[in-house]
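A.B. asks: Whatever this is, show me its structure:
(4 chains)
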Number of protein chains: 4
Amino acid sequence: MDVADRYFNCTDSERAAFEAGIKLGTVYHQFVGAPISKYNVDVLEKSIAEGAKVQPFVKDAQVAIDRSRLREKSTEFDYLTLTGDMLDVKLSVKFKDVEVICEMKHIEEMGYPLMYVKEVKRN
Amino acid sequence: MDVADRYFNCTDSERAAFEAGIKLGTVYHQFVGAPISKYNVDVLEKSIAEGAKVQPFVKDAQVAIDRSRLREKSTEFDYLTLTGDMLDVKLSVKFKDVEVICEMKHIEEMGYPLMYVKEVKRN
Amino acid sequence: MDVADRYFNCTDSERAAFEAGIKLGTVYHQFVGAPISKYNVDVLEKSIAEGAKVQPFVKDAQVAIDRSRLREKSTEFDYLTLTGDMLDVKLSVKFKDVEVICEMKHIEEMGYPLMYVKEVKRN
Amino acid sequence: MDVADRYFNCTDSERAAFEAGIKLGTVYHQFVGAPISKYNVDVLEKSIAEGAKVQPFVKDAQVAIDRSRLREKSTEFDYLTLTGDMLDVKLSVKFKDVEVICEMKHIEEMGYPLMYVKEVKRN
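C.D. replies: Numbers count the residues shown, from 1 in each chain, chains lettered A, B, ... in the order given. From the prediction side, this is the model:
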């Protein structure tokens, strides 16, 4: 038995969902505030996705940052800092036989970057 | 039906576990790096706990920061920045009839600030 | 001579200005993204200010968070995460005989949370 | 006159030093805590450097992360989160005719990730 497993007292699917939640919380609270412009948006997206993939149980990560408000640099101040409403994230997190597909995206109706469980697969 | 609920496709206990994971990920990645000394450790603890409590479904939050490495300020550089191994966090997260008790603490044997589900209660 | 001083190659007023810049960068990038509502805004303000004060050469710190968008919690999602435009920060940073008063505030005309040197005092 | 310039009340070299400080504070407090392993260290380094370059007055940025503690993934928990002592950052920040070269690196003797002004050049 894995050392970590000794601390858990829940089902495998609850564990998978818990691990998925950690990772979405990580993406938001680690990277919101990062400087962003047209120039570095590609590498920032990649960096967020690759950072998620090194965390426990993450099988896949896709990150898309909304480019509609990003501009060419015409003055020194032409850049933004990353906000939650610009982020679209999809993760696959697998614990034992359970895979959780979760997402974060801005829900217009709520005015809120919602993190949610899209699907729970038992293999 | 709540707008957010429409996006979820999982059981209530998986949802509660997912929400719990988000909040522990938030605590770690929002506050690790914050300047800390004997002088501000109390208010930082309180600020982390109160911040968790304003997030969805959090019923209670207890945060303890290890004070063993904190010092009185004798030079300008006598302070630290918060690291995961100094944090001991316990949260109660409730979705509908399911309450998840989760914790983050440094596990010596792993050399890792483990986030785990301590208990799932169905009321 | 202080160990740190050996690494610097600039005037005292440049050093004071440099130290001031570090602290405003810290405030923004450490705390933007933190969960905030009417319930925890006071403790978050205090926590940011006290965190600045433990950093080297900071003599005083005043932090005000704009409350106009904060609401009473009527649903689970009634909270925000801190953004730069909500922050009004004033710091006094003193290195040797030079005191720098710096501020961060949202400049409407720029649509930007500007960090600037308001005054350099030589005592 | 630039809108931002109206708010400043200091010399060009103090301004350049202030801007340099902001950027080093940003690097530390935005990215410390990010998940890191051998797998994503290259993209994280690049992401930090490119993020600095989109900020005002930054002419060049070099970021090196110490790889000595990074491991191949043999268990799910084989990764770290970025700490200040792993970071070696060098920035060139130019305001009008003044260029400030600043660095952040871990100073063994201090046990501290020192940010300092290495050189002020007047062109």
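
A.B. asks: Parallel or antiparallel, list what pairs with the helix or strand of chain A with the lowest mean pLDDT.
C.D. replies: In chain A, no helix or strand scores lower on mean pLDDT, DSSP states H and E than strand A:80-81, which sits at a mean of 94. Its sheet considered, strand A:80-81 pairs with strand A:35-36 (antiparallel) by DSSP bridges.

A.B. asks: Quick one: residues contacting residue A:22.
C.D. replies: Shown in contact with residue A:22 (CB atoms under 8 Å, 6 or more residues apart in numbering or on different chains): A:55, B:21-22, B:24-25, B:115. For every residue, glycine as well, the C-beta is placed using N, CA and C.

A.B. asks: Name the helix or strand for it, please.
C.D. replies: Using DSSP states H and E, the element containing residue A:22 is helix A:12-31.

A.B. asks: any idea how far that helix is from the chain center?
C.D. replies: Relative to the chain's own centre, helix A:12-31 is displaced by 8 Å; criterion: CA atoms, centre = their mean, to the nearest Å.

A.B. asks: before we move on, back to that, which residues are contacting the least confident helix or strand of chain A?
C.D. replies: Strand A:80-81 has contacts (CB under 8 Å, 6+ apart) with A:32-37, A:69-70, A:86, C:32, C:84.

A.B. asks: Please pick the buried ones from those.
C.D. replies: Buried members of the contacts of strand A:80-81, scored by 16 or more other CB atoms under 10 Å in any protein chain shown, are A:32-37, A:70, A:86, C:32, C:84.

A.B. asks: Return the member of those nearest to residue D:51.
C.D. replies: residue A:35 (4.7 Å; CB to CB).

A.B. asks: any idea how far the closest one is from residue D:113?
C.D. replies: Counting by CB to CB, to the nearest Å, the separation of residue A:35 from residue D:113 is 20 Å.

A.B. asks: Give me the neighbour count for the residue nearest to residue A:30 when sequence neighbours are not counted.
C.D. replies: Once flanking residues are discounted, residue A:30 sits nearest to residue B:29: 4.2 Å by CB to CB, 6 or more residues apart in numbering or on different chains. Per other CB atoms under 10 Å in any protein chain shown, the neighbour tally for residue B:29 reads 25.

A.B. asks: I'd say residue B:29 and residue A:32 touch.
C.D. replies: No. In this structure residue B:29 lies outside contact range of residue A:32 using CB atoms under 8 Å: 9.5 Å.

A.B. asks: Look up how far chain D lies from residue A:120.
C.D. replies: According to CB to the nearest CB, to the nearest Å, residue A:120 stands 19 Å off from chain D.

A.B. asks: who's that residue bridged to?
C.D. replies: residue A:100.

A.B. asks: re the thing from before, mind picking the two most distant members of the contacts of strand A:80-81?
C.D. replies: A:70 and C:32 (18.2 Å).

A.B. asks: for chain A, what spans make up the strands?
C.D. replies: A:35-36, A:58-65, A:80-81, A:87-95, A:98-107, A:112-122 (DSSP state E).

A.B. asks: Show me what the first one is in contact with.
C.D. replies: Residues outside strand A:35-36 that contact it (CB under 8 Å, 6+ apart) are A:44, A:65, A:70, A:79-82, A:86, D:26, D:30, D:51-52, D:54-55.

A.B. asks: again, but for the longest one
C.D. replies: With CB under 8 Å, 6+ apart as the contact definition, strand A:112-122 has outside contacts at A:13, A:16-17, A:20-21, A:24-25, A:28, A:84-85, A:87, A:90, A:97-107, B:4, B:7-11, B:14-15, B:18, B:22, C:77.

A.B. asks: From the residues you listed, keep the buried residues only.
C.D. replies: By 16+ other CB under 10 Å, these give A:13, A:16-17, A:20-21, A:24-25, A:28, A:84-85, A:87, A:90, A:98-107, B:4, B:7-8, B:10-11, B:14-15, B:18, B:22, C:77 as buried.

A.B. asks: Mind pulling up the pLDDT for residue A:76?
C.D. replies: Here the pLDDT value assigned to residue A:76 is 87.

A.B. asks: can you check residue A:11 too?
C.D. replies: Residue A:11 is assigned a predicted lDDT (pLDDT) of 98.

A.B. asks: does it really touch residue B:13, like I thought?
C.D. replies: Yes. Applying CB under 8 Å, one finds residue A:11 in contact with residue B:13, separated by 7.5 Å.

A.B. asks: State the number of residues packed around the closest residue to residue A:64 other than its chain neighbours.
C.D. replies: In space, and not counting its chain neighbours, residue A:64 is closest to residue A:88: 4.3 Å by CB to CB, 6+ apart. Applying other CB under 10 Å, we find 16 other residues in the vicinity of residue A:88.

A.B. asks: what's the spacing between residue A:88 and chain D?
C.D. replies: 18 Å.

A.B. asks: So that residue is in contact with residue A:61, correct?
C.D. replies: No. Here residue A:88 does not reach residue A:61: they are 11.7 Å apart, not a contact under CB under 8 Å.

A.B. asks: Mind putting the buried ones among the contacts of strand A:80-81 into JSON lines with pLDDT?
C.D. replies: Shown next, in JSON lines, are the buried ones among the contacts of strand A:80-81 (pLDDT from 0 to 100):
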{"residue": "A:32", "pLDDT": "97"}
{"residue": "A:33", "pLDDT": "97"}
{"residue": "A:34", "pLDDT": "98"}
{"residue": "A:35", "pLDDT": "97"}
{"residue": "A:36", "pLDDT": "97"}
{"residue": "A:37", "pLDDT": "95"}
{"residue": "A:70", "pLDDT": "91"}
{"residue": "A:86", "pLDDT": "97"}
{"residue": "C:32", "pLDDT": "97"}
{"residue": "C:84", "pLDDT": "95"}
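
A.B. asks: Just put these in JSON lines and tack on distance to residue B:123.
C.D. replies: What follows is the buried ones among the contacts of strand A:80-81, written out as JSON lines (distance: CB to CB, whole Å):
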{"residue": "A:32", "distance to residue B:123": "34"}
{"residue": "A:33", "distance to residue B:123": "38"}
{"residue": "A:34", "distance to residue B:123": "40"}
{"residue": "A:35", "distance to residue B:123": "45"}
{"residue": "A:36", "distance to residue B:123": "44"}
{"residue": "A:37", "distance to residue B:123": "49"}
{"residue": "A:70", "distance to residue B:123": "47"}
{"residue": "A:86", "distance to residue B:123": "38"}
{"residue": "C:32", "distance to residue B:123": "37"}
{"residue": "C:84", "distance to residue B:123": "41"}
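
A.B. asks: Around chain C, which positions in chain A sit nearby?
C.D. replies: A:28-29, A:32-33, A:77, A:81, A:83-84, A:110, A:112 (CB under 8 Å from any CB of the partner chain).

A.B. asks: Turn these into TSV, including distance to residue B:119.
C.D. replies: Putting the residues of chain A next to chain C into TSV (distance: CB to CB, whole Å) gives the following:
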residue	distance to residue B:119
A:28	26
A:29	25
A:32	31
A:33	34
A:77	50
A:81	38
A:83	35
A:84	30
A:110	30
A:112	29
